[in-house]
Structure formats: structure tokens, C-alpha cells
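need a 3D model of the following:
(chains A and B, ligands or ions: 2)
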Amino acid sequence: MSARAADEAPRLREMHGPSAFAGGWQRFVHLTWTIALTDFRLTYFGSVLGYLWSLVRPFLTFAVLLVVFTQIFNAGKGVPHFAPMLLLGVVLFLFFAEATNSAVSAVVNRESLVRKMQFPRLVIPLSVVLTAALNLAVNLVPVAIFVLASGVEVRATWLLAPIVVLALVAFASGVAMILSSLYVRFRDVAPIWAVVSQVLFYGSAVIYTIDQVPGDWKRLVLANPVASLIQLSRTWVVDPAQGTPAQIMGGAAWGLVPLAVGIAVLALGLWVFNHEAPRIAERL
Amino acid sequence: MSAVETARASVGDGRAPELPVIAIDGLTKTFRLPRHRVSTLKERALHPLRRTVYDELRILQDVSFTVGRGEFFGIVGRNGSGKSTLLKCLAGIYRADAGSIRVAERLVPFIELGVGFNPDLTARDNVLINAVMMGLSPREARNRFDAIVDFAELREFLDLKLKNYSSGMQVRLAFSTMVHTDADVLLIDEVLAVGDAAFQQKCFDVFHDLRDRGRTVVLVTHDMTVVERFCHRAILLDEGRIALVGDPIDVGQRYLQRNFEAPGPLPEPENGDEPGPEPPRVRADIVDVWVQDAVGRRVEAVVHGEELEVHCLYESHEAIDRARLDVWIDSAEDARVFGASTMDWAEPPRAIGVGERLHVRVRLRNPFVDGRWHVGCSLLAGSAGQDIVALDNRAASFVSYGARDVYGLARVEHQLSYDRRPAEGPG
Ligand SMILES: Nc1ncnc2c1ncn2[C@@H]1O[C@H](COP(=O)(O)OP(=O)(O)OP(=O)(O)O)[C@@H](O)[C@H]1O
Ligand SMILES: [Mg+2]
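Numbering: from 1, shown residues only, chains lettered A, B, ... in the order given. Ligands and ions are numbered 1, 2, ... in the order given. Prediction:
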């Protein structure tokens, strides 16, 4: 029987159903890019002031925070280059918040696609993160102008800035994978994550600098990859005196902590998503 | 011999193809539905130990079939029989629980046309995006763009947002995109109903063409005319099992039979609860009325063109000497399309005695179009037939099916001819 089947159909290959990756790398890349670009265009180029709108949110947030922390509270007073550091923190954090919060409902929102098209499931959370990253890229241009205008010198370490962005994108992707697959089963992931990202905003040294954090708390704050990456960006782009997370935490070994946390989250994300992917379509 | 003929020849008798491009073996699919759906993390956290109880819904059971290259393969079955689920397993959208699905060629990743279309984007953007979703690279998509648009005949509307397209136009665009990608096997879950007649025809022309080029089509539809006209082979799914594989005509007819086997409740005759006039004195009972086929089985459904017999059984409670027997068949809308009567018999039926049973038969070839038909019958007495002994307007009913190209309610033997006369000169 099996021998007969074999020479009847020499070219047949087994199909294994849906998964996070299967379907060819090329298609994976093309799809992720196309979906992300489409979303990006839909959000910001649908309106006349599209591009400007995409800048309003981070810069308005920044302006309010700047006024509050330099004019009302004294948190920013006396910190050299507080404004560009605050701006960097706000823009990077808002990217993370946008990517992860829109990832929560991403799979569910694309229900018709998921239920009626075969494609690598991972495309969905990744394209959401990519959309946010495109948005970040757009924002980074005026950020660079602002940083220069506020009197920061151009340094060789600016060349390291893309590392920060890439690492942040990777970390956000890990979180996005976890959230988007969990949300299919548990609908309270959305409000929970809204609260968690609020907490992260205050806990990630966005609106203050790390040296305003007392003693050992510094290590706790910097164990969070988002805080560490913001810190790195401030050191590399604005003020070397800020110090890298490793320097602040006390040695290269400590610097591995946020790295390990980041990698663990990414690995967990991949595992969870890969585990859920085959049945995501039918559970929707 | 063209590829079409080869395909037909190899599958003409509904046998499985020698060289399959799709081989499904023992496919089983079960959905597990949690009895108490835990849909929040909070509940999960509050009851970490509570085991979720699942209801198992077996949707596909041991489904096996093969599809040959260049075959036009139909899947039919009643609502909920598992057709879409089968197609989704095949496409790789659902994971099968058991059994194997083996495929030799590239399957189109969609099971419906127009999936992934975004109503807020222009047709131009949608085509490019859809082509990428189908598996083309963005560059290939741009290269084939013109061919896609020309095929759909929608060039003037390219910059219109898709939400302003009619549904038929959307289907054209989607169909055209699908046809222009590289997939060898197309999976289609009821889509053709939306386009207008001309476009449907165009779709089928394309299907023929695709088949000539060795592409394969797996089509889910409820339209038996499509199955019978276009499919080489078909399967009938019934509650997740294959009820019949093979010749599309057989499958189509069996499908229609299945559909009408368990007819819904008939509409109650009106005046049901009205305190109407005094019920007339029962002078004869209509004991039974039924329809049977040529071999004498009672049937609920009759194929158009086949022989059928209507039987009426009366039991008389008094002597009737000048009886008149009528049997008629009405459409669902109460149009009387057929009637048979002893009214004009030179020799009226013999007198009926008290307690005697009368068995009336009418035999005819089913001329009716598809639909439900009602059988009525009456037993009248008196010289002018004004004396109603027994009457039931809807004593029985049956479904007629399989009528094609019938114009009107029934096919009537006729001859159509014409002749021509030269035009009369002016003035
Ligand atoms: N994701 C799912 N979870 C649970 N049950 C499902 C799921 N998808 C389908 N079903 C069930 O499987 C059965 C078959 O559904 P399916 O969509 O395959 O039917 P179908 O043959 O395509 O019907 P139709 O002719 O109406 O399109 C139905 O009873 C449906 O409720
Ligand atoms: Mg269906």
C-alpha cells in the first residue's frame, strides 16, 4: 500500500497546518513589510496633516512634561541637557507603548485574514511592531534636529544609536508576541496591559534621569530593558557623563541583567506564539 | 487530445486520478469548545486548579480523497457539513487532528476571494497588497499589475477607494488577482454568486483555461448547476463524512435528495382556529395520499423528467353513484399547473358502495421546475359535480429537482417554429 502510494505520487509533500513561521521566508518578509507599510500609510497619510499628526503625540507629551518638570517640579532643574534627554526617553517609550498596545488586539482585529488565509502567523505581531518602528523612524528626524539645536555635540557614539533602536524593536516584538496570542484567549489582557504600560512609563526613567533614583533602586529600574535602552541612548547621544547601565549598576556582569531579561522575554514570546499559532485561527 | 479531454477521460467515470496533486487521507478535525469559557486572566488566576471541561465537536471524520492535476473538483454538502472546515485544513489555516494532507503543488493561500482587501485603500493599492498576500514579491506584483487590471476591466476605477466599489466589482478585482498569481491549485469557497452573469461566465471560461494549463480548482458551492456543468468529480459531505465521491451528476442529485429528505413543517392550512361554519357531515374519508416513483417507492423528491405516480385512497361512508374524481398539482404559490379529472369521461366511474375503498392513481412524467409541489384531490358527486364528498387541497407534497433550462413552471411538450416574410416596401 505505502509502496504504491509512493510511486503514484512522488512529488507529494506533507502539509502540517498553520504555524508561526511556515510559508517561506520571502513571503514572510514581503508580507510583514507590506502590511506594516499599509497600516502606517493608513494611519498617517489618510489626513492632510498626516505627517504632522504623527509628530504631535510625542512632541506634545514632551512639551507638557518639560514644562511640568522644569517649571513646576524641580526634577529637571540643574540636570545638564535635561530637555533632549527627556525627549529621547519620551519618543523611545512611546514607540514601545504604541507597539505593544496595538499588538494586544492585532490578531483579533485581523480576524478575517487569520481565518481565511494561510500565512505565517508571526507576521501579524511583527507587522504591528514594524508599523510603530516606521513611526519612530519618522519621529527620530525632528528629535535629532532638536538634540542638535539644544547644544549637544555630535559624537562618534551617535553611530551606536541604531543598536538601541534595534534592541528596543526586538524587545517590543517579544512582548507583542506574548500579548497578541494571550489576548485571543483572555480578553482582559488589554486593560491589564494598559495599566502595566502606565506603570512602566513611570518606572523606566523616562521623566527623570537615573541619577535621581536612590541607591540600589537603580539596579531594579535598569533591569528593565526599556529603561536600560533609554539610558544607553542618553549616554551615547546626549551626555557621556550619564553612564551606561553597566557602569551605573556596577560592572559588566550587571549589564548582562537587562540583556538577559530582554532575551528571555523575546524567547518566551517566540515560544508562546509558536505554541499558540496552530490553533489561533479556530479559537478566534 | 487536449488536457481537458485527458482530464475528463481519466476521471470520466468518477474514478480517483492516477497522479494526484492533493491526497487527503483519513482527515479528522475536532473542535474543542470549553464548556465554561474562561475568557479573562482574572478568572484563570482565581481558579487556577479548575480543569476546563471541553465539548468535542467532531466536524470532519475520516475524510479521504484525491484530486488530480487539472481537475475541477467540487465539494458539496448541507450547511454545517464541514465544507469550509475541510477547505481550511487543506489550505493550512486549521490544523488537522489526524490523517494526512499531502500536496504536490502550490496552493493559493486564500479560501475566499477578496480576503485582505482594505475598503479604505484604492483599488490600485489593494491589488498590489493582495498580490503580495498571494505570494508574489512586491516587484512581481507591480509587473503583473496591468494584466490584473485589464482582466478585471476596471482600469477607469483604479483610484477609487474599494469601499465605493460594488460587490461584484470587488469580486472581479479579487478574482483577477488570484488568477494572475502562481498558485497551481485554487481553493474557492462559494464566491461566484456575487458577480453578474457575464462575469460568472468569464470566471468559468478562465477556469477552463486554467485547467487546460494544468491548474487545479477545488470549489465549494451550493449551486448544483455549477457542479454538474463544470466539475470533473465531486464529493458530498454529510455531517463531516464523505457520503459520495465521484460523478458530479450523481453527487448533485444526491445532494438535492438529502436536502429534501427531511422537509420542514408544512404551513398549516389557514382557518385553523377560526370557528368556521359547521363541519360538513363526513361522507368519505381521504385515507391516504402519496407520491411514488417508477419502481413503486414512496418518495418525497422526484427528479425532473422522471416518472411519478400520485395515489389517493378514499373510504366512502355512503353510496355515491355519479362520482367524479379529481387530482391536481399546485405550485407553492398555488398556481394549478396540472389537473386530471374524470369529468369528461364518456363513462363515469361506477357507483361506490358504503364502506368501499377507492384507490385513484395518476401517472405522469414530472414536468415541473425545481421546488415544492402540492398534491390535491377531491371526490365529488352529483350531475354537475357540485356535491363535495371529500376534498383536500394540500393532501401531500413533493419536491421536484434537477430541472434545467425550463422556461415557466413546467415543461410542456411543444414545437416552436417560425417563418419569414420579406419586408413590405414603404408606401
Ligand atoms: N472555529 C470553530 N470552532 C468551533 N466550531 C466550528 C469552528 N468552525 C466551524 N465550526 C463548526 O463546524 C461545523 C462545520 O462548519 P463549516 O463552516 O465547515 O460548514 P460548511 O459546510 O462550510 O457550511 P456552509 O454551507 O454553511 O458554509 C459547524 O457546525 C460549525 O459550527
Ligand atoms: Mg462554508
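
any chance you could give me the host helix or strand of B:Phe151 in PDB, C-alpha atoms only?
In the assignment (DSSP states H and E), B:Phe151 maps to helix B:138-152. Only the C-alpha atoms of helix B:138-152 are listed here, as PDB (Å, rounded to 0.1, in the frame of the first residue of the first chain):
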ATOM      1  CA  PRO B 138       6.200  43.400  -4.500                       C
ATOM      2  CA  ARG B 139       8.200  43.700  -7.700                       C
ATOM      3  CA  GLU B 140       6.400  40.800  -9.400                       C
ATOM      4  CA  ALA B 141       3.100  42.300  -8.200                       C
ATOM      5  CA  ARG B 142       3.900  45.600  -9.900                       C
ATOM      6  CA  ASN B 143       4.900  43.800 -13.100                       C
ATOM      7  CA  ARG B 144       1.600  41.900 -13.300                       C
ATOM      8  CA  PHE B 145      -0.500  44.900 -12.200                       C
ATOM      9  CA  ASP B 146      -1.500  45.800 -15.700                       C
ATOM     10  CA  ALA B 147      -2.600  42.300 -16.700                       C
ATOM     11  CA  ILE B 148      -4.600  42.100 -13.500                       C
ATOM     12  CA  VAL B 149      -6.400  45.400 -14.000                       C
ATOM     13  CA  ASP B 150      -7.100  44.700 -17.700                       C
ATOM     14  CA  PHE B 151      -8.500  41.300 -16.900                       C
ATOM     15  CA  ALA B 152     -10.900  42.800 -14.400                       C
END
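
do that helix and chain A meet at all?
Yes: contact between helix B:138-152 and chain A, assessed by C-beta under 8 Å from any C-beta of the partner chain, occurs at B:Pro138. (Each C-beta comes from the backbone N, C-alpha and C, glycine too.)

which residues of the stretch 51-200 of chain A score low on pLDDT?
A:76 (pLDDT under 70).

quick check: phi and psi at the closest residue to ligand 1 within it.
When distances are taken as C-beta to the nearest ligand atom, the stretch 51-200 of chain A reaches nearest to ligand 1 at A:Arg115, 7.9 Å away. Main-chain dihedrals, A:Arg115, degrees, to the nearest 10: phi -80, psi -20.

check whether it really touches B:Ser84, as I assumed.
No: A:Arg115 is beyond contact range of B:Ser84, at 9.5 Å (criterion: C-beta atoms under 8 Å).

sorry, back to before: gap between the residue of the stretch 51-200 of chain A closest to ligand 1 and chain B?
A:Arg115 sits 7 Å away from chain B, going by C-beta to the nearest C-beta, to the nearest Å.

and residue 190, what does it touch?
If you meant another chain, say so; for now it's chain A. A:104-105, A:183 (C-beta atoms under 8 Å, 6 or more residues apart in numbering or on different chains).

chain B is the one I meant
B:220-222.

just to revisit the earlier point, burial count for the residue of the stretch 51-200 of chain A closest to ligand 1?
18 (other C-beta atoms under 10 Å in any protein chain shown).

not counting its neighbours along the chain, what's nearest it?
A:Ala281 (5.2 Å; C-beta to C-beta, 6 or more residues apart in numbering or on different chains).

what's the helix or strand for the one you found?
Counting by DSSP H and E, A:Ala281 is found in helix A:252-283.

and the helix or strand B:Ile75 falls within, which strands flank it?
According to DSSP H and E, B:Ile75 maps onto strand B:72-77. Strand B:72-77 pairs in its sheet with strand B:216-220 (parallel), strand B:233-238 (parallel), by DSSP bridges.

still on that earlier bit, packing partners for the helix holding B:Phe151?
Packing partners of helix B:138-152 (3 or more C-beta pairs under 8 Å, 6 or more residues apart in numbering or on different chains; DSSP states H and E): helix A:25-44, helix B:123-133, helix B:167-179.

gap between the second one and the chain center?
With C-alpha atoms, centre = their mean, to the nearest Å as the basis, the distance from the averaged C-alpha position of helix B:123-133 to the chain average is 33 Å.

ok, the closest residue to A:Leu113 other than its chain neighbours - how many residues close by?
Spatial nearest neighbour of A:Leu113, excluding adjacent residues (C-beta to C-beta, 6+ apart): B:Gly116 at 5.4 Å. B:Gly116: 25 surrounding residues under other C-beta under 10 Å.

do the same with A:Ala172
28.

which elements pack onto the helix or strand hosting it?
For A:Ala172, the host element (DSSP H and E) is helix A:161-185. Counting contacts by 3+ C-beta pairs under 8 Å, 6+ apart, helix A:161-185 packs against helix A:82-104, helix A:106-109, helix A:123-149, helix A:189-203, helix A:225-233, helix A:252-283.

how about a cut-off of 10 Å?
In terms of contacts (3 or more C-beta pairs under 10 Å, 6 or more residues apart in numbering or on different chains; DSSP states H and E), helix A:161-185 is packed against helix A:82-104, helix A:106-109, helix A:123-149, helix A:189-203, helix A:225-233, helix A:252-283, helix B:41-46.

identify, out of those, the most deeply packed stretch.
helix A:225-233 (a mean of 27; mean count of other C-beta atoms under 10 Å in any protein chain shown).

helices or strands up against it?
helix A:82-104, helix A:161-185, helix A:189-203, helix A:217-223, helix A:245-249, helix A:252-283.

and the angle for the second one with helix A:123-149?
With axes from the mean of the first three to the mean of the last three C-alpha atoms, to 10 degrees as the basis, helix A:161-185 and helix A:123-149 are set at 140 degrees to each other.

residues from the stretch 101-250 of chain A in reach of chain B?
With C-beta under 10 Å from any C-beta of the partner chain as the criterion, the stretch 101-250 of chain A meets chain B at residues A:110, A:112-119, A:123, A:182-183, A:185-189, A:191-192.

how distant is the helix holding B:Phe151 from the center of its chain?
Helix B:138-152 sits 35 Å away from the centroid of its parent chain (C-alpha atoms, centre = their mean).
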